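Enquirer: Turn this into a structure:
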Amino acid sequence: MKKLYLLVLISFLCSCVEVGNFPAKRQKLHNMNTGQEDGFCEKNPERCTHGVPW
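Expert: Coordinates of the predicted model:
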């Protein structure tokens, strides 16, 4: 029974996180991976292959 209560408590705590709500630094990294940052390949040519960031 204690394991069940522990599982419910852990599930409740994990579900309290807001999905998609990133801090500004994390949002910038997310946008970098989707190619939404303007001029990324010009600023970091070593991180791009044929104009596509990796």
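Enquirer: Where do the strands of the chain begin and end?
Expert: Remark: strands assigned in the chain by DSSP state E are 48-49, 52-53.
Enquirer: could I get these as TSV with mean pLDDT, distance to C14 and mean neighbour count?
Expert: For every residue, glycine as well, the C-beta is placed using N, CA and C. Compiled in TSV, the strands of the chain are given as follows (pLDDT from 0 to 100; distance: least, Cβ to Cβ, whole Å; neighbours: other Cβ atoms under 10 Å):
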stretch	mean pLDDT	distance to C14	mean neighbour count
strand 48-49	83	36	12
strand 52-53	74	31	12
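Enquirer: do you know which of the ones you listed lies nearest R26?
Expert: Closest to R26 of these, according to Cβ to Cβ: strand 52-53, at 16.9 Å.
Enquirer: Centre of the chain to the closest one, how far?
Expert: In this view, strand 52-53 has its centroid 18 Å away from the chain centroid, taken as Cα atoms, centre = their mean, to the nearest Å.
Enquirer: Not counting its neighbours along the chain, what's nearest the residue sitting nearest the centre point of the chain?
Expert: Residue closest to the average C-alpha location in the chain (Cα atoms, centre = their mean): H30, at 5.4 Å. Distances taken as Cβ to Cβ, 6 or more residues apart in numbering put F22 closest to H30, at 6.2 Å, once the chain neighbours are dropped.
Enquirer: average pLDDT across the helix of greatest length in the chain?
Expert: If you go by DSSP state H, the chain has its longest helix at helix 2-14. For helix 2-14, mean pLDDT is 87.
Enquirer: ok, now stretch 28-46?
Expert: For stretch 28-46, mean pLDDT is 73.
Enquirer: Between the two ends of it, how far is it?
Expert: One end of stretch 28-46 sits 19 Å from the other (Cα to Cα, to the nearest Å).
Enquirer: Could you measure from the spatially closest residue to C41 that is not a sequence neighbour over to L6?
Expert: Counting by Cβ to Cβ, 6+ apart, the nearest residue to C41 once its immediate chain neighbours are dropped is C48, at 3.9 Å. Note on C48: its distance to L6, by Cβ to Cβ, to the nearest Å, is 47 Å.
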